[in-house]
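Asks: Predicted model and sequence below, questions to follow.
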Amino acid sequence: MSGSLLRRVRVAEVEQVAARIKRFRFVDIDNAPLSEFSGGSHISVVMHSGDRMMRNPYSLMGSPTDTSSYQISVLHCGKDSRGGSQFMHENVAVGTELEISEPLNLFPPAKLAKKHVLLAGGIGITPFMSMMNDLDSLRSDFELHYGVRSLEEGAYCKYLQSRYGSRVNIYRQDQGQMIPLQTILGEQRLGSHMYVCGPKPMIDWALQTAELLGWPDENVHYEQFSAPPSGTPFIVKLAKTGREIMVKGHQSILEALEENGVDAPFLCRGGACGQCETGVIACDGYIEHNDHFLSEAERVSGKKIMICMSRIQTGSITLDL
Amino acid sequence: MALIFKDETFRDDFTYTNSPATIRRFPFPFIEDQYRYSVNIEPHTPGPKGSVLEFPFDIDEHYVSEMRDRAMVLQDDPGRCQALPHMMTAQWDMLELVMVALARDYPDHFTLHRDGAHWHWINKPLKIDQKFVFGEVNSLPYEPMEYIGRQVQGDFSIQDQRDNQLWMDAGIITSQADWSLDFDVGMNFFEWHAPVPLAHEAGVFERALKFLLNLQIGKPVRRLNWTMTINPRLDTSPENYPKWGTDRTTVTPENVGKKVHLRVEMQGLFRLPRSNAILFSIRGYLMSLEQIVTVPKWGRRLPRVLKSLPQELVDYKGLSRYRQTAIDWLEKYDDGAPTTPGNGPD
Amino acid sequence: MTPITIKSRPVYPGLSPDLNARINLIVCDKGGAAAVSELFARAEPPFAKRSTVFVADTLSTSEMETLKKELAPAACEFLPTLSSGIGRLREVLNDAPMGLRLYAAGTEPLIGSVVQAAADYGIDHLSIRTEHRGSLMRRVQCVHCKGFIENVTTNPVTCTHCGLTLFVRDHYSRRLAAFQGVCIDAEIPGDVPPTEAIYQ
């Protein structure tokens, strides 16, 4: 049982919402109602580009109770060597049919929080779109701090301000505005929770600032969507069947297995959910752990790898598959 | 096919009994002659027509009487139904899941009309006709979990998911195998399973938790669990232990076939879409040893399994006082012939 | 001190300072105060300066004076009972900002009451630093009549509300801040094993 149920959808709408960001709206191919979902959920979109298959996770942005369509936003990453976002921008138009997974939530709001402080950087705004929808309908106390390069590059600035008013704070890099995180986190009531989604340096900065201000780890949450990093090719040996499979430079182990017809477990494909955890039987290279799931002790042991995100630098690795 | 509902009791005079057709569909929990602990989680996909697995929520001939017993338990002890304040979205999720399933699977008995948030629910066996507004608590006579929980067989708990844990933050539990919702509400997955022997050390709960945290919308799973109960009593709660504990000393070689019941729980786990919580259904089935041995395969297998139980489990399940009496009686039905694999009747 | 038996049994890892916290709020009893003073000795003086200690226990004037000196430069408040200590804690938490770190040191009923009260203010139990000191006495809830029995030192124990003889399990509820007590002679009334004073 690997992966999740796939559903065929048709692209009903594409809108350029910011300089490098497009919004896509999907409807079920037979116009059947889609599953409702909870704030913070994402789906995977399956893309076939030539002989390559990619599955990228994107946060759902619409209202969680709207079952007529799903919406995602995709940032065109120019230097993205894997090409998932490029494919969405250049090959997907109204009428294109795609496969998507059912929603999965790895970034839910903490239901016991007294207040929610949301920090978004650039395209990191996307999981907060549905989360704010939920929080607002539950009348939960929240505030958003959203850093953008400029108003041209920041998606949904106007929409957010008109819908949520003073709860939304936008900071424009082109005008030298920085998120005043020290002040924001220093003035929150007890029982507040912080959520951050954005580029890795921003997440690191937010986590560190919170810690230095005495925020307990339990009150701090983050989501980082990153594509599996590229690297040099290496060999994966499968202990149970004796097969040897080449993982190309732009592929993850999981993608290489799938390309070769091997059914391996996975779910989020972003190194967060733990579903693809795989035993390492032998490895003559250095494992680059790119997931957010394994503990430090598990990494040091060298006995486990998350095959959706992690790879080795050179040589070969034998997996318990 | 319309079900015919029996009028029977689960207390005092204990008139509960299974009809021959219900015996055949009993989810006998042992797939081999030896007891073996396993997580045994499988997809909760529709089973054969007429089986207890045909639909996600199984309704049978005991429905009306079980609901009457539940109402009596709740009347005496409202603490058997509890939901922490942050579980309201999940309560509505549960109500929707159950109503939609019952109306779809048992159209002769249940009807649901939906017009936006305006819902009309008809439950013919319990003579309920309710119009309400989905999402508005005041439009129902009870909170949503209790409202629908009083109309569907099985106990239910709802688990909130946060910090990579599941938290039992709501439940309606009136026919439990000796655990207290009132005490356990608010506990995490490891904590409420804490009293279970052996399984923690085997890593069973860690694996199960990891699996459940990634449970997906539209892909429910199920497992079987079992214990034994003296008399067909639904309410074997710790709260009322002084009322039913003495039953365990009343088993004799003469009455064991009638008194001792195998109690099987079909446990279903469903991801709830809006709340991201997990609904846990605990659908119980009771059958006396006397009725079990009417299926020759089960008559052969049950004594063999009971003999192979580890002592920790015998104590945990509370079988110590009558296990041997049950084995002695059951062995009359074990001719030593081999049994076929799987749990169904031959 | 408190061996792990089952997974619902709380673990008290011992006090450690959160050097980043802007306010340290410490609740303890007389026994726990010793753990607090050891904590201050381990951490640098600025840590104690950012700390307030609520000593919730019945103490003589001279005991208070001694403790005040021992715990300086932390601010000390003395509350005569556990429940008045928890009441004071609630007052402070009600207006407190993030950056406050909560600690509890003493008997299990004290730690449990702090954790229970803090939950109402959105403080996760894992973020409270705890150390068990002193008596092993327990707070027990009778699963039958739902009454709480304070300061239980024996097993079994008689329910002070309904009179049943209860076996004290290790099964613990943070929400109730209590262990579970279950009738020990439900199957054969009167068949009660000898009482052992195991939670002294």
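Replies: That came through, no problem.
Asks: Now do the SS call for the residue of the stretch 101-250 of chain B found nearest chain C.
Replies: Chain C sits closest to residue B:245 of the stretch 101-250 of chain B, with a gap of 3.0 Å, by C-beta to the nearest C-beta. To be clear about C-beta, it is placed using only N, CA and C from the backbone, and glycine gets the same treatment. Under DSSP: H, G, I helix; E, B strand; the rest coil, residue B:245 falls in the helix class.
Asks: That one contacts residue C:191, doesn't it?
Replies: No. Between residue B:245 and residue C:191 there is no contact under C-beta atoms under 8 Å: 10.7 Å.
Asks: Of these two, give the one with the bigger neighbour count.
Replies: Using other C-beta atoms under 10 Å in any protein chain shown as the criterion, residue B:245 and residue C:191 rank with residue B:245 on top: 21 against 11.
Asks: could you measure that one against residue C:164, distance?
Replies: Counting by C-beta to C-beta, to the nearest Å, the gap from residue B:245 to residue C:164 is 11 Å.
Asks: can you check residue A:93 too?
Replies: Summarising the geometry, the distance separating residue A:93 from residue C:164, computed by C-beta to C-beta, is 73 Å.
Asks: Comparing the two, which shows the higher neighbour count?
Replies: Neighbours per residue, other C-beta under 10 Å: of residue A:93 and residue C:164, the larger number sits with residue C:164, 22 against 9.
Asks: What are the boundaries of the helices in chain C?
Replies: Assignment of helices within chain C using DSSP state H yields the ranges C:30-42, C:45-49, C:61-71, C:82-94, C:108-119.
Asks: To residue B:22, which of those lies closest?
Replies: Put simply, out of the helices of chain C the one that sits nearest residue B:22 is helix C:108-119, at 45.2 Å, with distance taken as C-beta to C-beta.
Asks: Check the secondary structure at the nearest residue to residue B:84 once chain neighbours are set aside for me.
Replies: Using C-beta to C-beta, 6 or more residues apart in numbering or on different chains and skipping the chain neighbours, the partner closest in space to residue B:84 is residue B:169 (4.3 Å). Remark: residue B:169 carries the secondary structure label strand [criterion: three-state DSSP].
Asks: Please give me every residue in contact with residue B:169.
Replies: B:83, B:84, B:86, B:87, B:90, B:158, B:159, B:160, B:185, B:186, B:277 (C-beta atoms under 8 Å, 6 or more residues apart in numbering or on different chains).
Asks: ok, and the closest non-adjacent residue to residue A:223?
Replies: Spatial nearest neighbour of residue A:223, chain neighbours left out: residue A:107 (4.0 Å); criterion: C-beta to C-beta, 6+ apart.
Asks: closest to chain A out of the helices of chain C?
Replies: Across these, closest to chain A is helix C:82-94 (C-beta to the nearest C-beta), at 6.1 Å.
Asks: ok, and for the closest one, which residues are buried?
Replies: Applying a neighbour-count criterion of 16 or more other C-beta atoms under 10 Å in any protein chain shown, one finds C:82, C:85, C:86, C:88, C:89, C:92, C:93 buried in helix C:82-94.
Asks: Let me know the average pLDDT across that helix.
Replies: What helix C:82-94 shows for mean pLDDT is 98.
Asks: What of stretch A:241-252?
Replies: Per-residue pLDDT values over stretch A:241-252 give a mean of 90.
Asks: Endpoints of it, how far apart?
Replies: 20 Å (C-alpha to C-alpha, to the nearest Å).
Asks: Identify the residues contacting the worst-scoring helix or strand of chain C on mean pLDDT?
Replies: Comparing every helix and strand of chain C by mean pLDDT, DSSP states H and E singles out helix C:45-49 as the least confident one, with a mean of 93. Counting contacts by C-beta under 8 Å, 6+ apart, the residues outside helix C:45-49 that touch it are C:17, C:19, C:24, C:40, C:71, C:72, C:73, C:74.
Asks: let's see it at 6 Å
Replies: When contacts are taken as C-beta atoms under 6 Å, 6 or more residues apart in numbering or on different chains, the neighbours of helix C:45-49 outside the stretch itself are C:17, C:40, C:73, C:74.
Asks: So which of those is the closest to residue B:272?
Replies: residue C:17 (41.2 Å).
Asks: measure that closest one to residue C:74 for me?
Replies: Residue C:17 is 12 Å from residue C:74, where distance means C-beta to C-beta.
Asks: Show me how far stretch A:264-280 is from its chain's centre.
Replies: Stretch A:264-280 sits 14 Å away from the centroid of its parent chain (C-alpha atoms, centre = their mean, to the nearest Å).
Asks: How about residues contacting that stretch?
Replies: A:2-3, A:55, A:57, A:106, A:225, A:254, A:257, A:290-293, A:303-309, A:319-320, B:214.
Asks: Where strands are concerned, which of the residues you listed count?
Replies: Counting by DSSP state E, the contacts of stretch A:264-280 place A:55, A:57, A:304, A:305, A:306, A:319 in strands.
Asks: Make JSON lines from these and add neighbour count and distance to residue B:64 to it.
Replies: Conversion of the ones in strands among the contacts of stretch A:264-280 to JSON lines gives the following (neighbours: other C-beta atoms under 10 Å in any protein chain shown; distance: C-beta to C-beta, whole Å):
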{"residue": "A:55", "neighbour count": "23", "distance to residue B:64": "49"}
{"residue": "A:57", "neighbour count": "24", "distance to residue B:64": "47"}
{"residue": "A:304", "neighbour count": "19", "distance to residue B:64": "52"}
{"residue": "A:305", "neighbour count": "29", "distance to residue B:64": "55"}
{"residue": "A:306", "neighbour count": "29", "distance to residue B:64": "51"}
{"residue": "A:319", "neighbour count": "22", "distance to residue B:64": "55"}
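Asks: can you name the two of those that are farthest apart?
Replies: A:57 and A:319 (22.8 Å).
Asks: so residue B:66 is in which element?
Replies: Secondary structure assignment for residue B:66, by DSSP states H and E: helix B:63-76.
Asks: Run me through the strand neighbours of the lengthiest strand in chain C, direction for each.
Replies: For chain C, the strand that runs over the most residues, judged by DSSP E, is strand C:165-173. Here the strand partners of strand C:165-173, with direction, are listed using DSSP bridges: strand C:157-158 (antiparallel), strand C:178-183 (antiparallel).
Asks: got the CA coordinates for that strand in PDB?
Replies: Backbone C-alpha positions of strand C:165-173 (Å, rounded to 0.1, in the frame of the first residue of the first chain) are rendered in PDB as follows:
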ATOM      1  CA  THR C 165     -11.900  -0.400  49.000                       C
ATOM      2  CA  LEU C 166      -9.800   0.700  46.000                       C
ATOM      3  CA  PHE C 167      -6.800  -0.700  44.300                       C
ATOM      4  CA  VAL C 168      -4.500   2.200  43.300                       C
ATOM      5  CA  ARG C 169      -3.400   1.700  39.700                       C
ATOM      6  CA  ASP C 170      -0.400   3.300  38.100                       C
ATOM      7  CA  HIS C 171      -2.800   4.600  35.400                       C
ATOM      8  CA  TYR C 172      -2.600   8.400  35.600                       C
ATOM      9  CA  SER C 173      -4.800  11.200  34.200                       C
END
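Asks: Which residues outside that strand are in contact with it?
Replies: Residues contacting strand C:165-173 (C-beta under 6 Å, 6+ apart): B:183, B:194-195, C:5-6, C:8-10, C:140, C:142, C:155-159, C:179-182, C:184-185, C:192.
Asks: can you list the domain ranges for chain C.
Replies: Listed domain ranges for chain C are C:23-132, C:135-200 (source: automatic domain parsing).
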